[in-house]
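Visitor: coords below, sequence missing:
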DNA sequence: TTTAGCACTATACTTTTGTATAGTCTCAAG
DNA sequence: CTTGAGACTATACAAAAGTATAGTGCTAAA
């Protein structure tokens, strides 16, 4: 297992192995910004069309939705398929990798919940 | 266990439970930006003083270091202790929560590494 | 032939995030 | 009484991220 925790015991920060840094950066890119997680969540819920996504993600503008979908596609998290020309029909889907990102999201939620409990104890 | 994966099977995006959303936001705040992860990593490596951190984190300016340390302190990830007035000596440390964030970082690295392998297979 | 739906794109901003560079404050040693 | 170290702060600026609003190109039905 390659992990940050292990590396911390062995190496210096500045000598942290490049593949780990790259992996981290990839993940950060996959979730960063205001809209990536909401889009991924909506895709999980079977919202696969542009309009559909726009209606389900509160206050997102078409510009942002378009921009973010493109980025997610470039990063291999989402696929874009043309299903029909008339009416114009396009389907966005999560790739297998895109689906696996739930593992990261779960780790984030776990930490967040535990952290909140710890914070409440601290303040009282 | 409260997880995103479970929620996805039961609920609508827009009805996603607030505590989970808050937990996610907390975690995002803990890692977001250019400098939070490098600072956390340096703290793990026992760099506990301002100057020390500045020397070990490449190209960070004192303004950014100061700003980020303050945010990390507010978010309960780092503590700041005054150890001496002369010479002025201040010690930054990760809280227990701050240390636990390795779990999130490990999940990110895991996903990133697996994702890269998947991407390479796709392109050849 | 106009209207309407879908999937966007274009332009012009505003806000947030990060950079560059210099300066402050406090003490202590030379 | 100047110099230097440590831990910052201040000001100005540049770049990135996000918002607001309007418009495009295609087709199909009224």
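Guide: Alright, I've got the coordinates. These figures come from a predicted structure and were not determined experimentally. Numbering: from 1, shown residues only, chains lettered A, B, ... in the order given.

Visitor: any idea how far residue A:63 lies from residue A:54?
Guide: Separation of residue A:63 from residue A:54 (Cβ to Cβ, to the nearest Å): 11 Å. In this view, the C-beta of every residue, glycine as well, is placed from N, C-alpha and C.

Visitor: so those two - more neighbours on which side?
Guide: Comparing residue A:63 with residue A:54 by other Cβ atoms under 10 Å in any protein chain shown, the one with more neighbours is residue A:54, at 18 against 8.

Visitor: wait, that one sits on residue A:66?
Guide: No - under the contact definition of Cβ atoms under 8 Å, residue A:54 does not touch residue A:66, with a separation of 9.7 Å.

Visitor: which stretches of chain A have low pLDDT?
Guide: A:1-2, A:7-15 (pLDDT under 70).

Visitor: ok and the residue in it nearest DNA strand D?
Guide: Ranked by Cβ to the nearest atom of the strand, the top residue of chain A for proximity to DNA strand D is residue A:86, at 2.8 Å.

Visitor: backbone phi and psi for the most centrally placed residue in chain A, please?
Guide: The geometric centre of chain A, computed from its C-alpha atoms, lies nearest to residue A:31 (Cα atoms, centre = their mean), at 3.5 Å. With angles defined as degrees, to the nearest 10, residue A:31 sits at phi -110, psi -10.

Visitor: need the nearest residue in space to it, chain neighbours excluded.
Guide: For residue A:31, the nearest residue in space outside its immediate sequence neighbours is residue A:37; the separation is 5.9 Å by Cβ to Cβ, 6 or more residues apart in numbering or on different chains.

Visitor: how many neighbours does that neighbour have?
Guide: By other Cβ under 10 Å, 20 other residues sit near residue A:37.

Visitor: isn't it up against residue A:108?
Guide: No - with contacts defined as Cβ under 8 Å, residue A:37 does not count as touching residue A:108, sitting 9.1 Å away.
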